[in-house]
Structures are given as C-alpha cells and as structure tokens.
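# Provided below for reference: sequence and predicted model.
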Amino acid sequence: MSIELLTLGNLRHLYSVLPQTYHKPIAQQLGLQDPVLESWLASYVRVRNICAHHGRLWNRFLGAYPMIPTSKKIRWLEDRSVLSTSDPNALERKRLCPVLVSFQTILYAISPH
C-alpha cells in the first residue's frame, strides 16, 4: 500500500537500491527482464519530469530511452518493425512512442482487463 504513495522517482530509486536478487522476481512479475524494467522506469521518470515542469513532449528527444524488448513473450507492438531493435540510434526510438508503448505493456501486465 505504501508503494502507491511513492513518486516515480522514488519508485525507481527504491528498485535500484534493492539487492540484485530481488530485481529478477519483480521484473518477472511484470513479464520483463531486469534491464528492460530499469530502462522503462528511467524513461517514465524523465517523461513525468517534463510534464510536471510544463515541458514540450511532442517530437522531443527524451534523454532516457526505454529498451525495446526482443522477447516475443513480452506484449509489444504487433508490427515490431515500427520500432526496430536492430538500430539503437534510430530517431523513432528516442521519442515518446516507445515510452507510451512500454507504459501500455506495464498496464496490461498489472490489469489485463
């Protein structure tokens, strides 16, 4: 219950200071791998901070980018070529779209209906 009171920054920090033995089970509960979840949390904190300070999100490079999962088990875009995993420097990977898709993936894992 107390986790619901944490900010995204606090949640990310709490996750990062947990012993590594806890990272994998937490990520698996969401259907992810540990490095993927860490990158997603970092990108959520960045987007939240931009919004909180009334910054522009559209067409902006975020600076913290979510890893695009390669596992077919992770719910992601049906057409995975939209955000290709082959080129980590592709412009479309550095914008808001992958953050929103990752957020949708987390929400679906938490509450599929």
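Received, thanks.

# what's the neighbour count on Ser2?
5 (other C-beta atoms under 10 Å). C-beta coordinates here come from the backbone N, C-alpha and C atoms, glycine included.

# What ranges in this structure fall below the confidence cut-off?
72-73, 75, 77-93 (pLDDT under 70).

# can we see that at 90?
Within the chain, the ranges that satisfy pLDDT under 90 run 1-8, 11, 29-33, 54-113.

# Do I have it right that Gly15 meets Trp40?
Actually, residue 15 is Tyr rather than Gly. No: between Tyr15 and Trp40 there is no contact under C-beta atoms under 8 Å: 10.5 Å.

# who has more neighbours, the two?
Between Tyr15 and Trp40, Trp40 has the larger neighbour count (other C-beta under 10 Å), namely 25 against 16.

# who's in contact with that one?
Each residue near Trp40 by C-beta atoms under 8 Å, 6 or more residues apart in numbering is listed here: 32, 66-67, 99, 102-103, 106.
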